[in-house]
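**Q** build me a model from this:
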Amino acid sequence: MAIYVDADACPVKAEVEKVGTRHRARMFIVSNGGIRPSQNPLVETVIVPDGPDVADMWIADRAGPGDVVITGDIPLAAKCVEAGARVLKHNGEALSAANIGNVLATRDLMADLRAADPFRQGGGKGFTKADRSRFLDALERELRRAGG
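**A** Below is the predicted model of the structure:
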């Protein structure tokens with residue numbers, strides 16, 4: 001079992017390390033730079049070259065059954081779900097074969113709406129303490145299910 005974190009703009013890296021360490025899971029913190037490496041021997045910081053979706057491709061090529069992926073990137077989540085990995089968004093929402101189709105469709109619809117209205121700004125919710133708490137509970141649950 002491994003935990004893969006799409007680390008660019010990830011607000012829960014410390015929480016992943018805390019819970020992952022308790023489960024003695026190997027963790028891969030993947031980004032294209034700007035992340036301070038952890039001293040934790042279970043954590044491997046992976047710096048990928050700059051480029052569109054390079055970190056996503058690195059994770060998608062490796063994640064599979066028994067692994068947990070942390071990402072807010074819906075296309076990456078879909079690839080990982082298809083490969084058999086368990087996927088969590090930063091707010092604790094689990095993405096699975098049962099819901100990834102709807103989540104992808106909603107993402108595409110929202111992208112179309114934003115493209116149709118170039119003056120539309122933001123619209124995303126801020127990350128809250130409740131989101132962090134939900135994430136911690138969800139990660140604990142997923143690691144137990146994955147066998148960690």
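**Q** any stretches of the chain with poor pLDDT?
**A** Along the chain, the model assigns pLDDT under 70 to residues 107-115, 118-124, 148.
**Q** how about the helices in it?
**A** Ranges of helices in the chain, per DSSP state H, are 13-22, 54-62, 74-82, 100-116, 129-146.
**Q** what about the closest residue to residue 45 other than its chain neighbours, neighbour count?
**A** Distance criterion CB to CB, 6 or more residues apart in numbering; nearest residue to residue 45, sequence neighbours excluded, is residue 37 at 4.2 Å. C-beta here means a position set from N, CA and C on the backbone, and glycine is covered the same way. For residue 37, the neighbour count with other CB atoms under 10 Å is 10.
**Q** again, but for the one 10 residues further on
**A** Summarising burial for residue 47: neighbours were counted as other CB under 10 Å, giving 16.
**Q** got a list of what it touches?
**A** Neighbour list for residue 47: 31, 32, 33, 35 [criterion: CB atoms under 8 Å, 6 or more residues apart in numbering].
**Q** on that earlier part again, show the backbone phi and psi for the residue nearest to residue 45.
**A** phi -60, psi 140 (degrees, to the nearest 10).
**Q** ok, it to residue 79 distance?
**A** Noted for residue 37: a distance of 26 Å to residue 79, by CB to CB, to the nearest Å.
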